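> Take this sequence and fold it.
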Amino acid sequence: MPSPHYVVRRSRSGRFNFTFLSEHGRISGVVIVPTEKLTRDEIERRARMKIQELAAALAASVGAPPQT
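Numbering: from 1, shown residues only. Predicted coordinates:
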């Protein structure tokens, strides 16, 4: 299996479903980004930033270096 990574799918109203994948399994979740007065690109950027922060926190909690 390739190195740990994540998959993101946009839902509605600023909701982004994601799944972290690794050789040990997968973890799925949702992040929500406020959409008021933001461009689609900015909403995407903020969602991906939140997901990367979650990935880094998860990696830190299990002692592995984060890979984005």
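
> C-alpha only now, for contacts and for neighbours.
OK.

> for this protein, what spans make up the strands?
Secondary structure of the chain by DSSP state E: the strands cover 5-10, 15-22, 25-32.

> Tell me which of those is the most buried.
Comparing those by mean neighbour count (mean count of other C-alpha atoms under 10 Å), strand 15-22 comes out on top with a mean of 17.

> tilt between that strand and strand 25-32?
Inter-element angle recorded for strand 15-22 and strand 25-32: 160 degrees (by axes from the mean of the first three to the mean of the last three C-alpha atoms, to 10 degrees).

> Lowest average confidence across the strands of the chain, which one?
Among these, strand 5-10 carries the lowest mean pLDDT, a mean of 73.

> for the residue nearest the centre of the chain, what are its contacts?
By C-alpha atoms, centre = their mean, the chain has its centre lying nearest to Ile51, at 2.5 Å. With contact taken as C-alpha atoms under 8 Å, 6 or more residues apart in numbering, Ile51 is in contact with Phe18, Val31.
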